Every structure is written in C-alpha cells, then in structure tokens.
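> Predicted model and sequence below, questions to follow.
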Amino acid sequence: MNKWDLDACIHCGKCTRSCLFLEKYGIDLPVLKEKPELAYHCFLCGTCGCVCPKGIDGKEIALDSRRKLVEDGGGKLLDNSYDGLLLEKNPYKFANYRHSKKKAVFFTGCNFPSFFPKTTDKLVEEFAKYDVGVVYDCCGKPIEELGLVSEAAGIIERINWKLKESGVEQVIMACPNCYYFLKGRLDAEIISVYEKMAELKIGNIYQKERIPMYYPCPDRKDRKFEYDMKPFLVGKVEDAFRDVQCCGLGGCAAGKEADVAQALTDRVKASREPELYTYCASCICSFRRRGYEDAKHLLPLIMGIDEKVPLGKTPILNRAKCKFK
C-alpha cells in the first residue's frame, strides 16, 4: 500500500492527536490530502505515520502534494517565501571540495559547521591525521522536501560526481539528515561520524548519570547514531521527549507555522527535564532560537569542545567561511 493511499483510513484520530499541526487545523490525514494549500505547513516529522494503525504517513501525503504543486507551477516553486533558501542551496553556494582527494572524507553538511564551527574544525584536524579529507556541502534534502525533485536529483548527481572525481570511497556524516537522505544514493559507502571516531579512537568518554535524549526525526526508528555513540557515552540514556514530535525546523514549515514551532519548544520546556541531549545541529538551533537554553549537542561534548550556539547572522557567516577553508 502507498503510504499516502487513504482507502484504509479508519478515522481513529490518532494522527490528529499526535500532531500539533493537524490539531491546529482540526484535520486528519484524508483531509490533509484534500488541502494541498497546507502541504508546506507540515513539518514532515513522520510522527503521524508512526501512530497510524494502517501505516498511512502524512509526511508522504504532504511531499506528494508539494511535488504536484511544483509540477503545476511548470517545475518551479511559486511560493517566494523560500527564495532565500533556494538562493543559498540550489546549488549550495558555500560548497568546498578542495580537500576531498582522499579515500575517506568527512561530509560536514551545512548546519553543523554553522552552529559548531570550532568542533567542525577540530574534527577536520583530527581526521586529517588519518588521511581523511573534508567536504563542505549541503546534501540537498531541503530542496527535495520543497517538491523540487529534479533539482534535488541534480544536486545528488553533482555530489556523486565530485566524490568519484576525487576517488572517495567512504563518506563520514555528522548530520543524521544528510546520512539518511544520501544513504543508498551515492556510490561511496556512508557511515556516521561516531562510527569513524570509534574506529580511529578519536574523542573522549562523556559520562553523566542520566542522559535525557531527544531523537531527531530521521533516526527515531533505527537509532543508528545512538548505537554508534555507545563507545563514548557512560550513563543511562533515556527517551525523555516522546511527546515532542519535532524540533520545529523540519519540512521548511517553521515560517508558515511559527506558533506551532514555538509550541513544540514549549513542550520541551514543560517536560521538567533539566537539559536535553541530541545529535542533530538543526534541532539544537531550533530549540535555542525559541528560548530553550539547555539543549546540548553530544558531538562537541565528546570532542571536549566548549562551544556556544550562535544566533542571528553568525551561522550563515560560519557557513560562508567554509568555502574558503
């Protein structure tokens, strides 16, 4: 069954109760299908698909509607609220393959070096000791999620060509979004940064009695990154934020649903957890921008880097600097 085939829907309401976006509009997944004007309001977190007894996934419904809207627009995105994103990422203006002519490269993604530049530089330095190169680029996920399928395919083709030209056989991902988006779509092997760090014995043990974990959307099912992190974490890891469906940054929907995005962060605040740990830079910046100061990324902690997450224009300046490294 297609994940957006709604014939099996029993209208139990679980999707609506699981999603602040659906709840706001008082709709379920069949109604979402009938309202393509709401396609760009969905955070694409996939929570509704996890709770649906029939396996219907609202993320796929919204993506299908987005693709059709682009097709109806002659292959273009007619919503100009995304012009800034497209200007930067289609194609990515700050890509840098200058140090990629190695068998293995560290693929930083765009958000991690934006918010954790010191940790990025330290990882690049440590990996270089083992003849591992670095690639500064964006995976193209935001472009595909906007419904621009052919443009995203072109981005992936360009990345693949650049890596093959450099002789790259293994790509090391810091970002779970990049990892899952490009997994199986590149000719090179893709592994997590934590798997490579464990192999090369880079990084430190992070010890804490209890680690309340927030799992980023793409890794909630497999938890591959958490598994790869095990050599570095000593303490009880707990799934402490199950009722927080998304960080509020997913699906490029925050601009449309600022109140919902804020409500998601407010749920984190209301959890009474003294702090939140995750391994997604996008989640960290989203929570911090909306007033939650106790969100911590595990990679800087494992690397022993004390780094404050920048806000305002600093992140884009950090991304821009990567072009010249």
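Noted; the coordinates are in hand. Residues are numbered from 1 along each chain as shown.
> so where is the chain shaky, pLDDT-wise?
The chain contains residues with pLDDT under 70 at 1-4.
> Kindly recompute the last result at 80.
The model of the chain has pLDDT under 80 over residues 1-5.
> what about the longest helix in it?
Longest helix in the chain, counting residues (DSSP state H): helix 149-166.
> Touching the following helix or strand past it from outside, list them.
Going down the chain from helix 149-166, the next helix or strand is strand 170-173, by DSSP states H and E. Contacting residues not belonging to strand 170-173 are listed as 103-107, 109, 127, 132, 135, 163, 179, 182, 186, 188-193, 195-196 [Cβ atoms under 8 Å, 6 or more residues apart in numbering]. Placement of C-beta: from N, CA and C, glycine included.
> what about 10 Å?
By Cβ atoms under 10 Å, 6 or more residues apart in numbering, the list of residues contacting strand 170-173 from outside reads 100, 102-109, 112, 123, 127, 132-135, 139, 159, 163, 178-183, 186-197, 199, 225.
> Neighbouring strands - and their directions - for it?
Sheet pairing for strand 170-173, assigned by DSSP bridges, gives strand 104-107 (parallel), strand 189-192 (parallel).
> Could I get the ones you listed in CSV, plus columns for mean neighbour count and distance to residue 291?
As requested, those are exported to CSV (neighbours: other Cβ atoms under 10 Å; distance: least, Cβ to Cβ, whole Å):
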stretch, mean neighbour count, distance to residue 291
strand 104-107, 24, 31
strand 189-192, 18, 30
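> Point out the other helices and strands that the helix or strand hosting residue 144 packs with.
Per DSSP H and E: residue 144 is located in helix 141-145. Judged by 3 or more Cβ pairs under 10 Å, 6 or more residues apart in numbering; DSSP states H and E, helix 141-145 is in contact with helix 58-72, helix 83-89, helix 149-166, helix 176-182.
> and the gap between residue 86 and residue 148?
8 Å (Cβ to Cβ, to the nearest Å).
> shared neighbours of the two, which are they?
In contact with both residue 86 and residue 148: 76, 77, 142, using Cβ under 10 Å, 6+ apart.
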